[in-house]
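Participant: from the sequence below, what's the structure:
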Amino acid sequence: MNEGALRRFRVIDLSQVRAGPTCVKQLADFGSDVIKVEPPAGVQRGELYVGARDGADMQNLHRNKRSITLDLKSPRGREVLLRLVRTADVVVENFRPDVKNRLGIDYAALSAVNPKVVLVSISGFGQDGPYQRRPGFDQVLQGMCGLMSTTGAPQGEPMRAGAAVIDVTAGLYAALGAMTALLEREASGRGQWVQISLLHTGIGLMDFQAARYLVDGTVAGRVGNDHPTSMPTSAYPTRDGYLNVGAGGDAMWRALCGAIGQPELALRPEFASDPDRVRNRAELNRILGEAFSARRTDEWVEALDAADVPCGPIYSMDQVFDDPQVRHCGIAAPVRHPQRGMLHLISQVVGLTRTPARIAATLEDKGGSTVELLGELGFNAGEVERMQAEGVV
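Facilitator: Next comes the predicted model:
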């Protein structure tokens, strides 16, 4: 757990659910000493939407961490946290903005005890403004950032993405912000406050649709699996499933026509250019749908790949992890759990050749490192026993 590119950094994890833990996971996988702060028994603060402690979601999000229990609402608990902060490089939290002020663990309070600390705050809507106290929830933000208005069938209802894309992306932005602040600290010697909101994350995720509106005033709508500005880029039924095709641009279009045995399609004036194919997407998709339905998905992948046309099958999750490239890349990484035995978790996406990430341990029992950490902070056995008796830890 204490090896890797970021092993010299200590991270205090006050976060829960998904965005904050996703951020911390990046740091933990590369060797940071991560301390997950959790409430003692009887103090309410449940892990929403991520299931049981030994379940898949919690194990995936919280691997490579030590756990300490602290009642942050008690003066003694706050004192312990601030002592932890004195030893830390990064603190990650995703409370509503007013909560950390009420607990006395805002940036001013943390930097007062450790001017070098980097506080990473993830919120739904930002640290101030008219929505600052609203709770952030991935699907709500998918709607507010424009994602749901551009996802789904053209005549259908707005549709959310099938993954928690805003939570996960916010976590990745937060990790980038933390590491940027740590890099800047090497020059200034000072920490700073890093702020990420799900709202800003979602709008940033909209990328070209948002840019097209801001620059050209174009309001994107729903086009199903089609690309809004380049065709044929869509999903087509095959004899035994579905095939994704990404044949944007005229050269790729001509290669696709040859691969499906209909080179004459490229000569038809209604399909001559990308704008033409976008305008005539219904007829284009009808023709391609008929062609692709004649053969199996794997046959089309082989044929289109030979023509250098981007394509691929549409997998279910079991098929994903049975794919030979996924297996080759070690994307399902083994780790031993003390109760569940050998588990496989999603390996770290970023690969480094000299100091790679690793999954060294599953999430330990709640508070499993409490006594050890309190000892590291200089509390003697009597003080630890009193805090345990008083429900502080």
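Participant: could you find the closest non-adjacent residue to Phe137?
Facilitator: Distance criterion C-beta to C-beta, 6 or more residues apart in numbering; nearest residue to Phe137, sequence neighbours excluded, is Gly124 at 7.3 Å. The way it works is simple: take the backbone N, C-alpha and C, and place the C-beta from them, glycine included.
Participant: state the pLDDT value of that neighbour.
Facilitator: The per-residue pLDDT reported for Gly124 equals 96.
Participant: geometric centre of the protein: which residue is closest?
Facilitator: Central residue of the chain (C-alpha atoms, centre = their mean): Val168, 2.0 Å from the mean position.
Participant: and the closest residue to it other than its chain neighbours, how far is that from Val92?
Facilitator: Spatial nearest neighbour of Val168, chain neighbours left out: Thr22 (5.4 Å); criterion: C-beta to C-beta, 6+ apart. When C-beta to C-beta, to the nearest Å is the yardstick, Thr22 and Val92 sit 10 Å from each other.
Participant: same question, Glu283
Facilitator: In this structure, Glu283 and Val92 are 52 Å apart, going by C-beta to C-beta.
Participant: where does Ser230 sit: helix, strand or coil?
Facilitator: Secondary structure for Ser230, judged by DSSP: H, G, I helix; E, B strand; the rest coil, is coil.
Participant: with adjacent residues omitted, what lies nearest to it?
Facilitator: Of all residues beyond its chain neighbours, the one nearest Ser230 is Gly248 (3.6 Å), with distances taken as C-beta to C-beta, 6+ apart.
Participant: count the neighbours of that neighbour for me.
Facilitator: Neighbour count for Gly248, taken as other C-beta atoms under 10 Å: 17.
Participant: same question, the one 4 residues further on
Facilitator: The burial metric for Met252, expressed as a neighbour count using other C-beta under 10 Å, is 20.
Participant: verify the stated contact: it with Val309.
Facilitator: Yes. The criterion here is C-beta atoms under 8 Å, and Met252 meets it with Val309 at 6.0 Å.
Participant: can you list residues touching both of those two?
Facilitator: Listed as contacting both Met252 and Val309 by C-beta atoms under 8 Å, 6 or more residues apart in numbering are Gly246.
Participant: which of Glu283 and Val92 has more neighbours?
Facilitator: Just comparing Glu283 and Val92: by other C-beta under 10 Å the higher neighbour count belongs to Val92, 26 against 13.
Participant: host element of the more buried one?
Facilitator: strand 90-93 (DSSP states H and E).
Participant: show me what that strand pairs with in its sheet, parallel or antiparallel.
Facilitator: strand 10-13 (parallel), strand 118-123 (parallel) (DSSP bridges).
Participant: so for that strand, what's the average pLDDT?
Facilitator: 98.
Participant: ok, stretch 334-353 next?
Facilitator: 95.
Participant: can you give me the buried ones in it?
Facilitator: Going by neighbour count (16 or more other C-beta atoms under 10 Å), the buried part of stretch 334-353 is 335, 343, 345, 347-348.
Participant: for it, which outside residues touch it?
Facilitator: With C-beta under 8 Å, 6+ apart, stretch 334-353 has contacts from 5, 26, 29-30, 54, 59-60, 63, 330-333, 356-362.
Participant: all strands for the stretch 251-393 of the chain, in order.
Facilitator: Per DSSP state E, counting those that start in this stretch, the stretch 251-393 of the chain has strands spanning 311-313, 332-337, 341-346. These are given in chain order.
Participant: the last one vs strand 332-337, what angle?
Facilitator: The one in question is strand 341-346. Our comparison of strand 341-346 with strand 332-337, counting by axes from the mean of the first three to the mean of the last three C-alpha atoms, to 10 degrees, yields an angle of 140 degrees.
Participant: stretch 70-80: end-to-end distance?
Facilitator: Distance between the two ends of stretch 70-80: 8 Å, counting by C-alpha to C-alpha, to the nearest Å.
Participant: flag every buried residue along it.
Facilitator: Within stretch 70-80, the residues that count as buried by 16+ other C-beta under 10 Å are 70-72, 74, 76-78, 80.
Participant: just to check, Gly171 is in contact with Asp13?
Facilitator: No. Gly171 sits out of contact with Asp13 when judged by C-beta under 8 Å, with a separation of 11.7 Å.
Participant: need the residues touching each of those two.
Facilitator: With C-beta under 8 Å, 6+ apart, Gly171 and Asp13 have common neighbours 20-21.
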